[in-house]
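A.B. asks: The amino acid sequence is not available; the structure is as follows:
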């Protein structure tokens, strides 16, 4: 169950052949080979060569064989998924546009997927470089580490990001929040009812479908049966009416929210925790955009709310903190107090998932994570966040100047634009791509509650954001 190695006493094919050739060349001047010995050598060499079977099938038979299917039935849950995952679909449509308009390829500006674009800052980068360099020394080399993450990094996350309100033993370091959401789903299994904000990050819904928690999608509502959709629109300040939603076992909640950009207040989160306690639900709180919060009194962690340790799990990531979208490093907090109905600690089962199906985050990357949480690293993170929030302000101002209602962009890197009555989000996406060569994200891609909205990402470089604003003004004015 570990990486395969050649048996100690058997050389690989290429090595063994070269070895025999060297022996032959070294001794040929002193040896007289008989034909029998030559045949013996040939037979010996063939023992190391892969056996070759001459095909006896006709071309027609081979074609039929290639088309044969396995006897394994497809997981029926995957057949419930409608279309592809949102962001690859955006990429597909962009590619199709460029293929039809090759002269426009260099003019495309992306305000779509929330992928960071600024270089990793110097101090944080030094942590990655130093960790990589250590692997080239006898003293600094390290192999497999703890699946839960390096002890010093877990401690630093608890102290620097949570001010000691959680324990280092409750921190599970991973390769990102998105991956951890699936791991959390595996802990819960197929027998639970899930609630999601509508609109919301597609991963919550899609993983629920994959795990078998849902029925089929309703073609009229475009919602999956057995999922509780909590409407979050401008009409309710992007916070669900908790008194009028059905009971759910697991509630997924993202703040600051993707895609709406809304950051829940302390009072709102207190109501959410109270609701979970009242009905015995577990709250999965996605705090991936926490460092963008600048408003006073807005919680960056659910564990700032009294009682949350009894009901909540929190997932988070360095992706947007430090430009680690390609580096991959995140963490999940599972408090000791959180238990299943039989008293089993949820932490124990999540730990089992991590130790069974994960070998731990890269040693190199965790070194980068340590540098992120140095005082110098935290200062660099704040500079990056300010840069992207500056982009968000430009986008928000531009759309408001055209006359649109705009949400988010203050405590989040996303600007959520309300479209005029009757305009569809996918239709507007296509119109902007064709007329302005700007990629956006249609709100409907985040669920039916997102129809009539458009999401703009502030993660593009500043000069392209400025150019995008000018193009959008021309198209919509």
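C.D. replies: The structure has been received and is ready for your questions. Given the structure is predicted, the values throughout are model-derived calculations rather than measurements. Residues are numbered from 1 along each chain as shown.
A.B. asks: C-alpha from now on. contacts and neighbour counts both.
C.D. replies: Fine.
A.B. asks: so where do the strands sit in the stretch 251-400 of the chain?
C.D. replies: Applying DSSP state E, counting those that start in this stretch to the stretch 251-400 of the chain gives strands spanning 282-286, 312-317, 330-333.
A.B. asks: out of these, nearest to residue 422?
C.D. replies: Nearest of these to residue 422, taken as Cα to Cα: strand 282-286 at 32.1 Å.
A.B. asks: Tell me how far the closest one lies from the chain's centre.
C.D. replies: Relative to its chain's centre, strand 282-286 lies at 16 Å (Cα atoms, centre = their mean, to the nearest Å).
A.B. asks: partners of that strand in the sheet?
C.D. replies: Here strand 282-286 is paired, per DSSP bridges, with strand 250-254 (parallel), strand 312-317 (parallel).
A.B. asks: model confidence over the last one, on average?
C.D. replies: This points to strand 312-317. Mean per-residue pLDDT for strand 312-317: 98.
A.B. asks: Give me the contact list for that strand.
C.D. replies: Among residues not part of strand 312-317, those counted as contacts by Cα atoms under 8 Å, 6 or more residues apart in numbering are 176-177, 180-181, 282-288, 301-303, 329-335, 338.
A.B. asks: picking up where we left off before, and the strands of the stretch 251-400 of the chain as a markdown table, adding mean neighbour count and distance to residue 229?
C.D. replies: Listed next are the strands of the stretch 251-400 of the chain as a markdown table, based on neighbours: other Cα atoms under 10 Å; distance: least, Cα to Cα, whole Å:
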| stretch | mean neighbour count | distance to residue 229 |
| --- | --- | --- |
| strand 282-286 | 24 | 15 |
| strand 312-317 | 26 | 19 |
| strand 330-333 | 24 | 24 |
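A.B. asks: now the ones you listed in JSON lines, with distance to residue 356?
C.D. replies: Formatted as JSON lines, these follow (distance: least, Cα to Cα, whole Å):
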{"stretch": "strand 282-286", "distance to residue 356": "22"}
{"stretch": "strand 312-317", "distance to residue 356": "19"}
{"stretch": "strand 330-333", "distance to residue 356": "16"}
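A.B. asks: Nearest to residue 109, out of those?
C.D. replies: Distance to residue 109, taken as Cα to Cα, is lowest for strand 312-317 among these, at 25.8 Å.
A.B. asks: related to what we said a few turns ago, and of the strands of the stretch 251-400 of the chain, who's closest to residue 159?
C.D. replies: Taking Cα to Cα, strand 330-333 is the member of the strands of the stretch 251-400 of the chain nearest to residue 159, at 13.0 Å.
A.B. asks: elements contacting the closest one?
C.D. replies: Judged by 3 or more Cα pairs under 8 Å, 6 or more residues apart in numbering; DSSP states H and E, strand 330-333 is in contact with strand 171-174, helix 177-188, strand 312-317.
A.B. asks: ok, 10 Å please
C.D. replies: On a contact count with 3 or more Cα pairs under 10 Å, 6 or more residues apart in numbering; DSSP states H and E, strand 330-333 meets strand 171-174, helix 177-188, strand 282-286, strand 312-317.
A.B. asks: Out of the ones you listed, flag the one nearest residue 87.
C.D. replies: helix 177-188 (13.5 Å).
A.B. asks: Which neighbouring elements make contact with that closest one?
C.D. replies: Using 3+ Cα pairs under 10 Å, 6+ apart, helix 177-188 sits against strand 171-174, helix 202-210, strand 250-254, strand 282-286, strand 312-317, strand 330-333, helix 346-357.
A.B. asks: what angle do the third one and helix 177-188 make?
C.D. replies: It stands for strand 250-254. 170 degrees (axes from the mean of the first three to the mean of the last three Cα atoms, to 10 degrees).
A.B. asks: so for strand 250-254, what's the average pLDDT?
C.D. replies: Computed over strand 250-254, the average pLDDT equals 98.
A.B. asks: residues in contact with residue 79?
C.D. replies: 209, 210, 216 (Cα atoms under 10 Å, 6 or more residues apart in numbering).
A.B. asks: Could you tell me what pLDDT the model assigned to the last one?
C.D. replies: We have a pLDDT of 96 for residue 216.
A.B. asks: Who are the contact partners of it?
C.D. replies: Contacts for residue 216 (Cα under 10 Å, 6+ apart) come out as 77, 79, 80, 81, 82, 209, 222, 223, 224, 225, 226.
A.B. asks: again, but for the first one
C.D. replies: Contacts for residue 209 (Cα under 10 Å, 6+ apart) come out as 76-81, 190, 203, 215-217, 224-227.
A.B. asks: got a pLDDT number for residue 8?
C.D. replies: 38.
A.B. asks: typo on my end, residue 58
C.D. replies: 61.
A.B. asks: returning to that earlier point: and the strands of the stretch 251-400 of the chain: which comes nearest residue 94?
C.D. replies: strand 312-317 (27.6 Å).
A.B. asks: what angle do that closest one and helix 346-357 make?
C.D. replies: In terms of direction (the same axes, to 10 degrees), strand 312-317 departs from helix 346-357 by 40 degrees.
A.B. asks: now strand 312-317: how far from the chain's centre is it?
C.D. replies: In terms of Cα atoms, centre = their mean, the centre of strand 312-317 is found 13 Å from the chain centre.
A.B. asks: And stretch 69-79, by the same measure?
C.D. replies: On the basis of Cα atoms, centre = their mean, stretch 69-79 sits 25 Å off its chain's mean C-alpha point.
A.B. asks: Give me the buried positions along that stretch.
C.D. replies: Within stretch 69-79, the residues that count as buried by 16 or more other Cα atoms under 10 Å are residue 77.
A.B. asks: just stretch 102-115 next, same as before
C.D. replies: Along stretch 102-115, these residues count as buried under the neighbour rule (16+ other Cα under 10 Å): 108, 109, 110, 111, 112, 113, 114, 115.
A.B. asks: Among the strands paired with strand 282-286, which comes closest to residue 446?
C.D. replies: Comparing these by Cα to Cα, strand 250-254 comes nearest, at 12.7 Å.
A.B. asks: Low-confidence ranges, this protein, go.
C.D. replies: Residue ranges of the chain with pLDDT under 70: 1-67, 84.
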